[in-house]
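Participant: Build the 3D model from these lines:
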Amino acid sequence: MGVSVSASMPWARTPKSGMRSDKRVAELRRHELGLLGLGVRLVIAAGLFGASWAALQTWQPGGELMTSVIGWALVACFALYLLLGLCSRFLSWANARTVITDQRVVVRYRLRKSGWEIPLLSIADVTYSRGPIQRLFGGVGTLRIQTTFAPNPAVIDDVMDVVSVRDELLQLRSRAWALHASQIAGQYAPMREAS
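Facilitator: Numbers count the residues shown, from 1 in each chain. Model (predicted):
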C-alpha cells in the first residue's frame, strides 16, 4: 500500500485550474475470509436438506405421491436458497472494489449497486475491528471511516492488513490537509502595495 502510482484515475473528476488530479495509492479487494461464512451457510443448508430428505424417505407421510410432492418442494426450496441467498452473498463479496487515492476513498460495486466516495478532507476518524478468526488469517479486519457529513461510519469489510491500511489512510488525510492549508495560505497571501 504506500506506493503511489503515477497514472490518474480514469473516473476522477477533471481538476479545476490549480488543482491536481487523483493519483491511485492502493486498490483493496475483499479477503477470502469473507467466503468462510458463505461456506458455513452452505454446509448447514446441505445438512438440513439431507436430514429432511432422509426423514421424508423413511416417514413417507400420505403415501408415495405425497412424499414425491414434498420431496420436490424440498429440492425447490434448497435450490432457491442456493440461488437467491448464497449467490447474492457471493456476488456482493466478489464485486466490491475499494480504491484509495491521494484525495479520496472510492468504493465501487461492479454489478449490484452504485458506489460511494469519501474525500480525504472530510474524514474525521478511521477505526478498525478484528474478531478472533480474523486475527488468525493475518490481520484481516473491518475498516470504519467516520466522516464529517454522515452520522454513521462507512464500513469496508474483509480488509487484509487492516492496521497498516488505517495508518496509511490517516497519513494520506494529514497530507491532504497540509496541501489544502498551503493552497489556502497561497490564495489569501497579503498583497504588497505597489511603490
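Participant: check contacts around the nearest residue to residue 108 once chain neighbours are set aside.
Facilitator: Leaving out its chain neighbours, the residue that sits closest to residue 108 by Cβ to Cβ, 6 or more residues apart in numbering is residue 115, at 4.0 Å. Just so you know, the C-beta spots here come from the backbone N, C-alpha and C atoms, and that holds for glycine as well. By Cβ atoms under 8 Å, 6 or more residues apart in numbering, the residues touching residue 115 are 106-109.
Participant: Columns neighbour count on top of those residues, output as JSON lines?
Facilitator: Below are the contacts of residue 115 laid out as JSON lines (neighbours: other Cβ atoms under 10 Å):
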{"residue": "106", "neighbour count": "21"}
{"residue": "107", "neighbour count": "18"}
{"residue": "108", "neighbour count": "15"}
{"residue": "109", "neighbour count": "14"}
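Participant: before we move on, the earlier item: per-residue confidence, the residue nearest to residue 108, what does it come out as?
Facilitator: Listed pLDDT for residue 115 reads 76.
Participant: do you know how far it is from residue 128?
Facilitator: Look at residue 115 and residue 128: by Cβ to Cβ, to the nearest Å, they are 20 Å apart.
Participant: again, but for residue 46
Facilitator: Distance, residue 46 to residue 128, using Cβ to Cβ: 34 Å.
Participant: Over to residue 171?
Facilitator: Taking Cβ to Cβ, one finds residue 171 at 15 Å from residue 128.
Participant: between those two, who's got more neighbours?
Facilitator: Comparing residue 171 with residue 128 by other Cβ atoms under 10 Å, the one with more neighbours is residue 128, at 18 against 12.
Participant: Any idea what that one is bridged to?
Facilitator: residue 143 (DSSP bridges).
Participant: Quick check, it in contact with residue 168.
Facilitator: No. The criterion here is Cβ atoms under 8 Å, and residue 128 misses it with residue 168 at 12.0 Å.
Participant: CA atoms of stretch 75-94 as PDB?
Facilitator: Extracted in PDB, the C-alpha atoms of stretch 75-94 (Å, rounded to 0.1, in the frame of the first residue of the first chain):
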ATOM      1  CA  VAL A  75     -35.500 -29.600  -3.700                       C
ATOM      2  CA  ALA A  76     -37.100 -26.300  -4.900                       C
ATOM      3  CA  CYS A  77     -36.600 -24.600  -1.500                       C
ATOM      4  CA  PHE A  78     -32.900 -25.700  -1.400                       C
ATOM      5  CA  ALA A  79     -32.300 -24.600  -5.000                       C
ATOM      6  CA  LEU A  80     -33.900 -21.200  -4.300                       C
ATOM      7  CA  TYR A  81     -31.800 -20.700  -1.100                       C
ATOM      8  CA  LEU A  82     -28.700 -21.500  -3.100                       C
ATOM      9  CA  LEU A  83     -29.600 -19.200  -6.000                       C
ATOM     10  CA  LEU A  84     -31.000 -16.300  -4.100                       C
ATOM     11  CA  GLY A  85     -29.300 -16.400  -0.700                       C
ATOM     12  CA  LEU A  86     -25.800 -17.800  -1.300                       C
ATOM     13  CA  CYS A  87     -25.200 -16.500  -4.900                       C
ATOM     14  CA  SER A  88     -26.300 -12.900  -3.900                       C
ATOM     15  CA  ARG A  89     -23.900 -13.100  -0.900                       C
ATOM     16  CA  PHE A  90     -21.100 -14.300  -3.200                       C
ATOM     17  CA  LEU A  91     -21.700 -11.600  -5.700                       C
ATOM     18  CA  SER A  92     -21.700  -8.900  -3.000                       C
ATOM     19  CA  TRP A  93     -18.300 -10.200  -1.800                       C
ATOM     20  CA  ALA A  94     -16.900 -10.600  -5.300                       C
END
